[in-house]
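Peer 1: Give the three-dimensional model of this entry:
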Amino acid sequence: MTDVLPPSRGLTPTAARPRVNWVKWGLISLVVAYLALLLLVPALNVVVQALKGGWASLGTVFTSRFFLNALRLTLIATLITVPLNTVFGLCAALAIANKTFPGRTLLISIIDLPFSISPVVAGLMLVLLYGNNGWFGPLLQAGEIKIIFALPGIVMATIFVTMPFIAREVLPALEESGTEQEEAAATLGATSWQTFWRVTLPSIKWSLLYGLILCNARAMGEFGAVAVVSGNITGKTQTLPLFIEEAHAQYDNPAAYGAALLLGCLAVVTLVLKYLLERNTHVRRTYH
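Peer 2: Just a heads-up that it's a prediction; the model follows:
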């Protein structure tokens, strides 16, 4: 008869013991604390300070002449910049994707140039080119064309800093989709325009929308390059970020925090749209 040993008391199998991954939770806590100090706490402070004086004070800020002028100028620059960069980005991506030619890498590097150049330096370059003492200054003065310290300079600076976003989002999508569908459409007799609208554009629409959101967000929040070319003239060439900086420098906290709250709300909307597009793109790639 085989003896059966009684189970040992007070001992738990190693596999049944819950293990706490202290390294994992330590890293998570560090990341949360880092984001809280740099993002969440400042964002909450903006909300609290903006609403500190009540809705009446916030309404006074939003109806002031200088705020409305800054908002109008920001919207005008954005409405001009985003469509132009959309056309440029699509044309550049279509010209580069799935093609091999001399200078291709250099062309991509030039498109990425605004990512590596400080916006202040970009604004200074525009001033040296189109200012009164710049290379084209005498010619512009002769034609009574004003670019620097005016709306055209603000638009040019915004276009420069936002130029790569759409091209860099659409280019990988075009290279991933390949050229088989376009070639099949051409074989069936479709024109280039029909192929673009019915084959190419549907395959890159989510990447295009993603690039549009990023371009729009950067255009509305640009500060450095616009500050140089606009001159930051109150009520004339002051965009919304410049209005916030000027109000803060003048200790006008209600105006500064109120305008910052508006830009923050636009940023939240941008993040939500960005998340939805990323989720949609992930789902489509999973099922296809």
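Peer 1: OK, contacts around G53?
Peer 2: Contact partners of G53, counting by Cβ atoms under 8 Å, 6 or more residues apart in numbering, are P254. For glycine as for every other residue, the C-beta is placed from the backbone atoms N, C-alpha and C.
Peer 1: And it, how far from A260?
Peer 2: 14 Å (Cβ to Cβ, to the nearest Å).
Peer 1: swap in V272?
Peer 2: Counting by Cβ to Cβ, the gap from V272 to A260 is 19 Å.
Peer 1: Comparing the two, which shows the higher neighbour count?
Peer 2: A260 (23 against 11; other Cβ atoms under 10 Å).
Peer 1: For the helix or strand that contains that one, enumerate the helices and strands it packs against.
Peer 2: Assigned by DSSP states H and E, A260 belongs to helix 253-287. Using 3 or more Cβ pairs under 8 Å, 6 or more residues apart in numbering; DSSP states H and E, the elements in contact with helix 253-287 are helix 41-50, helix 54-62, helix 65-96, helix 201-221, helix 240-249.
Peer 1: 6 Å - rerun?
Peer 2: Packing partners of helix 253-287 (3 or more Cβ pairs under 6 Å, 6 or more residues apart in numbering; DSSP states H and E): helix 41-50, helix 54-62, helix 201-221, helix 240-249.
Peer 1: average pLDDT for the helix or strand just after the third one?
Peer 2: What that stands for is helix 201-221. Using DSSP H and E, the helix or strand that follows helix 201-221 towards the C-terminus is helix 224-230. Throughout helix 224-230, pLDDT has a mean value of 93.
Peer 1: what's the answer for stretch 94-114, then?
Peer 2: On average, stretch 94-114 scores 89.
Peer 1: Now the helix or strand of the chain with the lowest mean pLDDT: buried residues?
Peer 2: When the helices and strands of the chain are compared on mean pLDDT, DSSP states H and E, helix 253-287 comes out lowest with a mean of 78. The neighbour-count check on helix 253-287 (16 or more other Cβ atoms under 10 Å) flags 254-264, 266, 270, 273, 277 as buried.
Peer 1: quick one: it to helix 54-62, angle?
Peer 2: Relative orientation of helix 253-287 versus helix 54-62 (axes from the mean of the first three to the mean of the last three Cα atoms, to 10 degrees): 90 degrees.
Peer 1: Just give me how far helix 253-287 sits from the chain centre.
Peer 2: Helix 253-287 sits 10 Å away from the centroid of its parent chain (Cα atoms, centre = their mean, to the nearest Å).
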